[in-house]
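What shape does this take:
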Amino acid sequence: MFVSVPVQQQKMEAASAEWKLISYRGLKYVSAANVKSFYRFTAIEERGKKLIFKSPNLEMEWEINSKDIYINKVKFVMSFAVIKPTHRAIVSVVDLAKLIDPILRPSYIKHVSSFDTVVIDAGHGDHDSGAVGLLGYEKKYCLDTALRLERALKKRGFKTHMTRRTDKYLSLGQRVREANSVKNAIFISVHFNSSDNRLANGIETYALAPQGTVSTNGGRAGGYRKGNNRDGENIALATAVHAMAMHRMGVEDRGVKRARFNVLTGINKPAILFEGGFVTHSGDAQRINSWEYREKLANTIAEAVSAFRKAVGKKK
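Residues are numbered from 1 along each chain as shown. Reported below is the predicted structural model:
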């Protein structure tokens, strides 16, 4: 399952050529009506603060004053909230260009490179245990899932490169340098989550926050911070993996998010960081401690990588 559905479009130049930009408090926005016509949605339904964009095989939901949107019922967290300063709802052009467009039209992502290898990064290791869970350490779950993912990817014809395959410590810089040395590859960092709030649960997937955007977890807009020139591929990869996980794993959807984690900022290839559940939540911890769950998670990610490669294609 890949969340995006091909939208019939006439051939066009850059997407912004048909977006009618609106200036508001120093930012550029696009109206909901413009989004509807550009992406050929058949209707917009208003339900209180919610706007539901509809097509035969695609539904997108916005909520006024919220950064959360849903595309085919999968959650995404934008950098800026949808707002309605006058009579019309508007969305930031940064979120439209860097989040919504690559999800709805992955085949339009420019400068896509083919890949045959997946760099698998098992988080933490050795003295860095990661999160201390109710039933075990994060580092153990990361490595086991990563090794299962390696096998699942090889069965599907991919080459793999592991940043670690034993209980050893690697700095974030070492992980980045090793990943960057691998050609024709994408990067997936495998983690499990934790929280002081024992009710926090579910799966979330991170891509690098693009230049000019605010990280999901807070902070100022990163206008001075460069991305890795892979913004479209990053979000398309995150979408493929996260949507497949939501379809198959039956857990809480915490959304596709953007951040400037050190292990993502230096990567020179499409990259995501995947959080497979909370080791501090009773239900998630039971699942994560089960090899069957980790095996299913690995196969789900591998299937999503295949879907991602098919969706973005290789530009001629």
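
any idea how far the helix or strand containing Ala245 is from the chain center?
Ala245 is located in helix 231-249, with elements delineated by DSSP states H and E. Centroid separation between helix 231-249 and its chain, computed with C-alpha atoms, centre = their mean, to the nearest Å, is 5 Å.

Which positions in it come out as buried?
For helix 231-249, the neighbour count (16 or more other C-beta atoms under 10 Å) marks 231-247, 249 as buried. For the C-beta atoms, the positions are set from N, CA and C on the backbone; glycine is no exception.

again with stretch 270-287
For stretch 270-287, the neighbour count (16+ other C-beta under 10 Å) marks 270-281, 284-285, 287 as buried.

now do stretch 25-38
For stretch 25-38, a neighbour-count test (16+ other C-beta under 10 Å) marks 28-32, 34-36, 38 as buried.

which ones among the residues you listed are found in strands?
Applying DSSP state E to the buried residues of stretch 25-38, the entries found in strands are 28-31.

so what secondary structure elements neighbour the helix holding Ala245?
Where contact means 3 or more C-beta pairs under 8 Å, 6 or more residues apart in numbering; DSSP states H and E, helix 231-249 is packed against strand 74-77, helix 101-104, strand 185-193, strand 203-208, strand 253-259, strand 271-278, helix 291-312.

run the last query once more with 6 Å
With contacts taken as 3 or more C-beta pairs under 6 Å, 6 or more residues apart in numbering; DSSP states H and E, helix 231-249 sits against helix 101-104, strand 203-208, strand 253-259, helix 291-312.

Determine which stretch of the ones you listed is the most buried.
Comparing the helices and strands packed on helix 231-249 by mean neighbour count (mean count of other C-beta atoms under 10 Å), strand 203-208 comes out on top with a mean of 28.

Mind listing the strands that strand pairs with, and their directions?
With DSSP bridges as the test, strand 203-208 is paired with strand 253-259 (parallel), strand 271-278 (antiparallel).

helices and strands around the next helix or strand after the shortest one, which ones?
Just to be clear, that refers to strand 253-259. As assigned by DSSP H and E, the chain's next helix or strand after strand 253-259 is helix 262-265. In terms of contacts (3+ C-beta pairs under 6 Å, 6+ apart), helix 262-265 is packed against helix 172-180.

Out of the helices and strands packed on helix 231-249, which is closest to Asn184?
Asn184 lies closest to helix 291-312 among those, at 11.4 Å (C-beta to C-beta).

per-residue confidence averaged over that closest one?
Averaging pLDDT along helix 291-312 yields 96.

Output the contacting helices and strands for that helix.
helix 138-155, helix 231-249.

between it and strand 185-193, how many degrees?
Counting by axes from the mean of the first three to the mean of the last three C-alpha atoms, to 10 degrees, helix 291-312 points 140 degrees away from the direction of strand 185-193.

which residues sit against helix 291-312?
Helix 291-312 is contacted from outside by 2, 106, 109, 112, 144-145, 148-149, 152-153, 156, 236-237, 240-241, 244-245, 248, 276, 287, using C-beta atoms under 6 Å, 6 or more residues apart in numbering.

and the protein, what are its domains?
15-105, 117-312 (automatic domain parsing).

What's the end-to-end length of the longest one?
What it means is domain 117-312. 16 Å (C-alpha to C-alpha, to the nearest Å).

Quick one: low-confidence residue ranges for the stretch 151-300 of the chain.
For the stretch 151-300 of the chain, the stretches with pLDDT under 70 are 218-227.

ok, 80 please
For the stretch 151-300 of the chain, applying pLDDT under 80 flags the ranges 212-214, 216-228.

Neighbours of His127, how many?
For His127, the neighbour count with other C-beta atoms under 10 Å is 9.

If you drop the residues flanking it in sequence, what lies closest to it?
Excluding the flanking residues, the one nearest His127 by C-beta to C-beta, 6 or more residues apart in numbering is Tyr169, at 6.0 Å.

List the contacts of the one you found.
By C-beta under 6 Å, 6+ apart, the residues touching Tyr169 are 125-126, 128.
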